[in-house]
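*Asks:* Just to be clear, the model below is a prediction. Sequence and coordinates:
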Amino acid sequence: MNRTDVIALIAEKESMTKKRSEELVRLIIDTMKEALVEGEKVQITGFGTFEVKDRAPRIGRNPKTNEEVKIKAFKKPVFRPSQTLKDLVNQ
């Protein structure tokens with residue numbers, strides 16, 4: 001399922017236009033992006049938590065040449081599913 005499918009499904013279930021549904025989906029996603037950029041967690045009860053984690057610099061290895069490569073520190077967005085979501089998926 002992709003973004004277009006989600007928009008169409010919401011429009012159908014809520015009896016609204018696809019345009020209005022798309023605006024709502026865009027608003028939700030943009031709001032979540034802004035919160036993550038500002039370093040905030042986005043927690044949706046029953047679904048999961050989105051957050052940004054800091055990755056420390058480290059030494060990696062080029063698999064072709066076996067040469068050491070420095071990997072800079074970076075921020076990584078992560079998602080942790082709630083126990084409710086895990087239970088639903090594993091039924």
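*Replies:* Sure thing, it's come through. Numbering: from 1, shown residues only.
*Asks:* In terms of secondary structure, what does the longest helix out of those in the chain contact?
*Replies:* Using DSSP state H to assign secondary structure, the helix with the most residues in the chain is helix 18-37. Helix 18-37 makes packing contacts with helix 3-13, strand 42-44, strand 48-55 when contacts are defined by 3 or more Cβ pairs under 8 Å, 6 or more residues apart in numbering; DSSP states H and E. C-beta: built from backbone N, CA, C; applies to glycine.
*Asks:* Include distance to residue 67 when you put these into a markdown table, please.
*Replies:* Formatted as a markdown table, the entries for the helices and strands packed on helix 18-37 read as follows, by distance: least, Cβ to Cβ, whole Å:
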| stretch | distance to residue 67 |
| --- | --- |
| helix 3-13 | 40 |
| strand 42-44 | 39 |
| strand 48-55 | 21 |
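*Asks:* Indicate which one of the ones you listed is closest to residue 78.
*Replies:* Of all the helices and strands packed on helix 18-37, the one in closest proximity to residue 78, counting by Cβ to Cβ, is strand 48-55 (5.4 Å).
*Asks:* what lines up beside the helix or strand following the closest one in the sheet?
*Replies:* Later in the chain than strand 48-55, the nearest helix or strand by DSSP states H and E is strand 58-61. Strand 58-61 has these partner strands in its sheet, going by DSSP bridges: strand 68-71 (antiparallel).
*Asks:* quick one: contacts of the partner strand?
*Replies:* With Cβ atoms under 8 Å, 6 or more residues apart in numbering as the contact definition, strand 68-71 has outside contacts at 57-62.
*Asks:* following that strand, which helix or strand comes up?
*Replies:* The element immediately downstream of strand 68-71 (helix or strand, assigned by DSSP H and E) is strand 74-81.
*Asks:* Please work out which residues outside that next one touch it.
*Replies:* Where contact means Cβ under 8 Å, 6+ apart, the residues beyond strand 74-81 that reach it are 36, 47-55, 89.
*Asks:* Try it again at 6 Å.
*Replies:* For strand 74-81, the surrounding residues in contact (Cβ atoms under 6 Å, 6 or more residues apart in numbering) are 36, 48-55.
*Asks:* out of these, which one sits closest to residue 82?
*Replies:* Sorting those by how near they are to residue 82, with Cβ to Cβ, puts residue 48 at the top with 4.9 Å.
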